[in-house]
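# requesting a structural model of the entry that follows:
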Amino acid sequence: MQVVNFSKRNELINKNLSLSYCYQCSTCAGGCPVALKTAGKYNPRKIIELSLLGLEQSLIESQDINIWLCSTCQKCVEYCPQRVLLTEIFNTIKNHCALAGLAPEAYYLQGKSIFDSGLAIPFSSAILRRREQLGLPLIKTPNIEEIQSLLKKTDFDKKIISKTQKE
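Sure thing, here's the model as predicted:
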């Protein structure tokens, strides 16, 4: 039996009022490249339906539809006749998954990389050497202390990075 959590549903609607305008026409799914590529296994309309119904167990805990497959290409938003901001809704759901410790491992590892180096994908020494050989300018790196200070103020280190240290 599905767990219905109307507080999450109401939270989603309060964060993004456009969710309440969805009338399940499926235009979003028809234009979604991921839905087309996965033959409908990923379905943005179904995610919105689960959101409207407040089925947190399906959305966050069991992730019946893999929310992480959304590429945030915004086609669903462009096609939606009701102007529902689907990717914003999906990002909110992803955030709930991450805070519950239910995001893909790569999500936490990339967060740790940003915290440690200021970059989502740090440059390898080989790339830096090759850039120097080619006469390309040095890559300016961000101020790590400043980034870490900002991330600590939002408890990023506790919410995201701590997940990588438990394994």
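# domain map for the protein?
The record's domain parsing of the chain by automatic domain parsing lists 6-99, 105-165.
# need those domains in a markdown table (columns: mean pLDDT and mean neighbour count).
(C-beta placed from N, C-alpha, C; glycine too.) Below are these laid out as a markdown table (pLDDT from 0 to 100; neighbours: other CB atoms under 10 Å):
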| stretch | mean pLDDT | mean neighbour count |
| --- | --- | --- |
| domain 6-99 | 89 | 17 |
| domain 105-165 | 89 | 13 |
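# which neighbouring elements make contact with whichever strand or helix holds Ser149?
Using DSSP states H and E, Ser149 maps to helix 144-153. Counting contacts by 3 or more CB pairs under 8 Å, 6 or more residues apart in numbering; DSSP states H and E, helix 144-153 packs against helix 105-117.
# can you list contacts of the helix or strand following the helix it packs on?
Elements were assigned by DSSP H and E; along the chain past helix 105-117, the next helix or strand is helix 125-133. Under the criterion CB atoms under 8 Å, 6 or more residues apart in numbering, residues 138-139 lie in contact with helix 125-133.
# next one: stretch 73-87
16, 18-19, 21-23, 25, 27-33, 44, 47-48, 70, 72.
# end to end on that stretch, go ahead and measure it.
In stretch 73-87, first residue to last residue: 8 Å (CA to CA, to the nearest Å).
# please tell me how far Val77 sits from Ile60.
In this view, Val77 and Ile60 are 22 Å apart by CB to CB, to the nearest Å.
# just to revisit the earlier point, now for whichever helix or strand comes after the helix holding Ser149, which elements pack on it?
Using DSSP H and E, the helix or strand that follows helix 144-153 towards the C-terminus is helix 156. Helices and strands touching helix 156, by 3+ CB pairs under 8 Å, 6+ apart: there are none.
# chain center to helix 156: distance?
Relative to its parent chain, helix 156 has a centroid offset of 15 Å by CA atoms, centre = their mean, to the nearest Å.
# now stretch 33-45
Here stretch 33-45 is found 17 Å from its chain centre; the criterion is CA atoms, centre = their mean.
# check stretch 48-60 too.
16 Å.
# tell me the span between the first and last residue of that stretch.
From its first residue to its last, stretch 48-60 covers 13 Å (CA to CA).
# can you say which helix or strand has the closest residue in space to Ala103 that isn't next to it in sequence in it?
Residue nearest to Ala103 in three dimensions, not counting chain neighbours: Cys97, with 5.2 Å by CB to CB, 6 or more residues apart in numbering. Following DSSP H and E, the helix or strand that holds Cys97 is helix 86-99.
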